[in-house]
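Enquirer: Test case, fold it:
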Amino acid sequence: MENRTIAPVKPELIITVVERDEARFYEDLIQSLGANVQMTVDGHGTANEKILRRLGIAETEKAVLFSLVRKDRMETVLATLKEKFRALRGGNGIAMAVPLNSMIGTLLYQFLIDDRSNTGAKPAGSSQGS
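Expert: Numbers count the residues shown, from 1 in each chain. Okay, the predicted model is just below:
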């Protein structure tokens, strides 16, 4: 039997800033798209009243979501977030991806990218029919 090495799929950190009362919705959405690890922290904007009025921003209380996803799922996650930001009433938000280029430990890496190839289980966000 031939021993082949499969190139690993790199993880990406997606940072999403949304209204605090919408945080749970976006956490669930991103998780359904394949995020294996997420952390949400409270954020508070520092812009003054004048700038807030010009930008049409009412609330400065935000939630900042940090989500680890596989690089091959990143475009789907960002496109879905962009669609939700536009489609939902008051669904403004910001999302960006940061590549993670190095990581120590194979098991930690497999956990973070939701690699269940050794267990036979399907990764989160994968279709059941394939």
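Enquirer: can you pull the pLDDT of residue 117?
Expert: Among the per-residue scores, residue 117 shows a pLDDT of 57.
Enquirer: got it, and residue 107?
Expert: So, for residue 107, pLDDT stands at 66.
Enquirer: Also the one 5 residues further on?
Expert: Per-residue confidence (pLDDT) for residue 112: 66.
Enquirer: So which residues of the protein form helices?
Expert: Under the criterion DSSP state H, helices of the chain are mapped to 23-32, 49-55, 71-87, 106-112.
Enquirer: Flag every buried residue along the second one.
Expert: Read it as helix 49-55. The neighbour-count check on helix 49-55 (16 or more other Cβ atoms under 10 Å) flags nothing as buried. C-betas here are computed from N, CA, C, even on glycine.
Enquirer: Give the rounded mean pLDDT of that helix.
Expert: Here helix 49-55 scores 78 as its mean pLDDT.
Enquirer: dump the residue contacts of the nearest residue to residue 39 once chain neighbours are set aside.
Expert: Counting by Cβ to Cβ, 6 or more residues apart in numbering, residue 66 is the residue found nearest to residue 39 once chain neighbours are left out, at 4.7 Å. Residues in contact with residue 66 (Cβ atoms under 8 Å, 6 or more residues apart in numbering) are 13-15, 38-41.
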